[in-house]
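> 3D model of this:
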Amino acid sequence: GARGAAAAAAADVFAYGPFVYVPAYTAWMGAAAGLGARDVADVLRRQFVDATSLSVAVLGPAQAVNFSVVPYGLRLPFMLGAAFVYNGALGAVNLRAQPAAPRAAPAD
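Next comes the predicted model:
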């Protein structure tokens, strides 16, 4: 019912997203960018509020619809579409939180 759908959506958005997915995503993207653990932790701190807000704004409504209206057999494709949008936006949040690359010295 509606109560179960709300509970499942809330668990995804307020527990899994900020405490499992966002840290794993940030660590993976940081590793791909060649960042060390300390830099990845700094990026996570800088982007945590924006990433969590994004999760609430995008995945919250998507999960609420998913768990309450979408037929069981279509839930995976529906959420893959929502995740595509979310990951694109999360990538932008992650890039803004990355440390600035050192500038090369001008050639003489």
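> residue ranges with poor pLDDT in this structure?
Counting by pLDDT under 70, the ranges of the chain that qualify are 101-106, 108.
> Name the residues of the helix ranked longest in it that are buried.
The residue-count maximum for a helix in the chain (DSSP state H) belongs to helix 75-97. Within helix 75-97, the residues that count as buried by 16 or more other C-beta atoms under 10 Å are 78-79, 82, 86, 89-90, 93-94, 97. C-beta coordinates here come from the backbone N, C-alpha and C atoms, glycine included.
> And stretch 9-23, by the same measure?
Applying a neighbour-count criterion of 16+ other C-beta under 10 Å, one finds 9, 12-13, 17-18, 21-22 buried in stretch 9-23.
> quick one: the helices in this structure?
Ranges of helices within the chain are 2-11, 22-32, 37-54, 60-68, 75-97, based on DSSP H.
> now for the shortest one, which elements pack on it?
Pointing back at helix 60-68 there. helix 2-11, helix 75-97 (3 or more C-beta pairs under 8 Å, 6 or more residues apart in numbering; DSSP states H and E).
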